[in-house]
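**Student:** Whatever this is, show me its structure:
(one chain, ligands or ions: 1)
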Amino acid sequence: MTDKIGADAALAKLTGWAKGEGDRDEITKTFKFDDFKTAWGFMSSVALKAEQMDHHPEWFNVYNKVEVTLTTHDVDGVSPKDVELGQFMNDVAGKLS
Ligand SMILES: C[C@H](O)[C@H](O)[C@H]1CNC2=NC(N)=NC(=O)C2=N1
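**Tutor:** Got it, this is the predicted structure:
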């Protein structure tokens, strides 16, 4: 079981993320890449990490853009798992950009 830390605590640790616009305790970021192939590579890397963690993003992809929302259903809010996955996404995107 993981702890709920809340969006503000997560945002203090993550570059470029923001509070989601929904009613839930969630964080969001839009990643932009050169093209669809690169966006898909990002999503593939993140998907493998998400499976390893048993922690899955909500995301929406159009061409080179991937809009991501992270929250933890098990605690009904943002947890350290969201920080870990969000940081992983930042790291992968940094290598692809
Ligand atoms: C049973 C399984 O461990 C859970 O449903 C996992 C799967 N992926 C998950 N992903 C996210 N984002 N939050 C969860 O609480 C969650 N729980």
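**Student:** switch to C-alpha atoms for all contacts and neighbour counts from now on
**Tutor:** Fine.
**Student:** Look up phi and psi at Lys29.
**Tutor:** The phi and psi values for Lys29, taken as degrees, to the nearest 10, are phi -150, psi 140.
**Student:** could you measure the residue nearest the centre of the chain against Asp3, distance?
**Tutor:** Centroid check for the chain by Cα atoms, centre = their mean gives Gly86 as the closest residue, at 4.2 Å. Using Cα to Cα, to the nearest Å, one gets 16 Å for the distance from Gly86 to Asp3.
**Student:** Buried residues in the helix or strand the residue nearest to the centre of the chain falls within, which are they?
**Tutor:** Taking DSSP states H and E as the criterion, Gly86 maps to helix 80-96. Neighbour-count burial for helix 80-96 flags 80-90, 92-93 (criterion: 16 or more other Cα atoms under 10 Å).
**Student:** and of those residues, the nearest to Asp25?
**Tutor:** Asp25 has its nearest neighbour among the buried residues of helix 80-96 in Asp82, at 11.2 Å by Cα to Cα.
**Student:** How about the residues of this protein by the ligand?
**Tutor:** 54-57, 71-74 (Cα under 6 Å from any ligand atom).
**Student:** Asn61 pairs with what?
**Tutor:** Val66 (DSSP bridges).
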